[in-house]
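[1] Prediction below, plus the sequence it came from.
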Amino acid sequence: MPAETEATISLDEGTELPPRPFGPLTRTNFVRYQGASGDFNPIHHDEHFAQSAGFPTVFSVGMLQAGLLATYCTDLFGPDNVRRFKVQFREQVWPDDTLTASGTVVRRHAEDGEERVDLELVVTRQTGGTAIKGQATFAV
């Protein structure tokens, strides 16, 4: 774990991790993620296609939000310390949305000879809606 995390953030059960904003997200963010992932579903970049499917405009690939949440966590705890990470998609993310990643330490325990924390995670939109929820375990 990055040394500054243990020194600056209490990892006791119930501790709320510092929130981190992302965005506002743009169509360019959506397209860049599509290029990196190889997922070129036009509903995420083609306005006409998205509208013909009944949406008001294009919307983000859900895995973009998952990647932002993973970045939030690994910036706090380090990529080598990931032991478990899972997400559940809840609400679409639209162009110009600003997202906020946050989390809570729900358990601190020893497993496989190392100290670990279990986290409950969430990415919310500026509307208050939940884009994704997640859970993770990190070695600390």
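    Yep, that arrived.

[2] helices or strands up against the longest helix seen in the chain?
    Across the chain, the longest stretch assigned as helix under DSSP state H is helix 62-77. Other helices and strands packing on helix 62-77, by 3 or more C-beta pairs under 8 Å, 6 or more residues apart in numbering; DSSP states H and E, are strand 20-22, helix 27-37, strand 82-89, strand 99-111, strand 114-125, strand 130-139. Where C-beta positions appear, they are placed from N, C-alpha and C, glycine not excepted.

[3] again, only using 7 Å
    helix 27-37, strand 82-89, strand 99-111, strand 114-125, strand 130-139 (3 or more C-beta pairs under 7 Å, 6 or more residues apart in numbering; DSSP states H and E).

[4] Take those and lay them out in a markdown table including mean pLDDT.
    Shown next, in a markdown table, are these (pLDDT from 0 to 100):
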| stretch | mean pLDDT |
| --- | --- |
| helix 27-37 | 94 |
| strand 82-89 | 98 |
| strand 99-111 | 97 |
| strand 114-125 | 98 |
| strand 130-139 | 98 |
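
[5] closest to F55 out of these?
    Nearest of the helices and strands packed on helix 62-77 to F55, taken as C-beta to C-beta: helix 27-37 at 12.9 Å.

[6] which residues are contacting that closest one?
    F40, H44, H45, V58, S60, V61, M63, L64, P95 (C-beta atoms under 7 Å, 6 or more residues apart in numbering).

[7] Now the buried members of the residues you listed.
    H44, H45, V58, S60, V61, M63, L64, P95 (16 or more other C-beta atoms under 10 Å).

[8] Kindly tell me how buried A66 is, as a neighbour count.
    The tally of other residues near A66 (other C-beta atoms under 10 Å) stands at 19.

[9] how close does the closest residue to it other than its chain neighbours get to D80?
    Closest residue in space to A66, ignoring its immediate chain neighbours: V87 at 4.7 Å, by C-beta to C-beta, 6 or more residues apart in numbering. Counting by C-beta to C-beta, to the nearest Å, the gap from V87 to D80 is 20 Å.
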